[in-house]
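S.K.: Have a look; sequence and predicted model below, questions after that.
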Amino acid sequence: MVKAPSKPKAKTTKRVAPKRAATPRVKAVPRKKVVAPAVAPVEHKLRIRVKAYEHKILDLSVKQIMDTAARFDAVVVGPVPLPTEIKRWTVNRSTFVYKDAREQFEMRV
């Protein structure tokens, strides 16, 4: 009887541990705790612009706004008067001729 050729056995290799470094080990330095800086309070700003044709209504509204802000302990700066806006219109007095005759109207806001 003839024997069939057998499969060659795989070579087994031993695992070799990696060589250690010749330098001595050093312990890691503990990290310092990071402290968050104190958070400053957030400042909110509010600007209110009030317009009116009558100064009495304007003054009363501003007084109400200032009283409300004072009730909530808000720091109030003002009132600061804004420059007066002037709107002007020039109109002919007559409908057809007489261009020299004109009227001027203005509205102060």
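M.R.: Great, that's in hand. Residues are numbered from 1 along each chain as shown.
S.K.: contacting residues around the closest residue to residue 93 other than its chain neighbours?
M.R.: Computed as CB to CB, 6 or more residues apart in numbering, the closest residue to residue 93 that is not its neighbour in sequence is residue 101, at 4.2 Å. The way it works is simple: take the backbone N, C-alpha and C, and place the C-beta from them, glycine included. Each residue near residue 101 by CB atoms under 8 Å, 6 or more residues apart in numbering is listed here: 92, 93, 94.
S.K.: mind listing the helices for this structure?
M.R.: Using DSSP state H, the helices found in the chain span residues 55-71.
S.K.: Would you map the strands across it?
M.R.: 86-92, 102-108 (DSSP state E).
S.K.: Mean pLDDT, mean neighbour count and distance to residue 52 added to those, as TSV?
M.R.: Formatted as TSV, the strands of the chain follow (pLDDT from 0 to 100; neighbours: other CB atoms under 10 Å; distance: least, CB to CB, whole Å):
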stretch	mean pLDDT	mean neighbour count	distance to residue 52
strand 86-92	95	9	15
strand 102-108	93	9	11
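S.K.: okay, the ones you listed in TSV with distance to residue 31 next?
M.R.: Shown next, in TSV, are the strands of the chain (distance: least, CB to CB, whole Å):
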stretch	distance to residue 31
strand 86-92	68
strand 102-108	69
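S.K.: Of all those strands, which one is nearest residue 62?
M.R.: Among these, the nearest to residue 62 by CB to CB is strand 102-108 (17.7 Å).
S.K.: I'm done for today, thanks for sticking with me.
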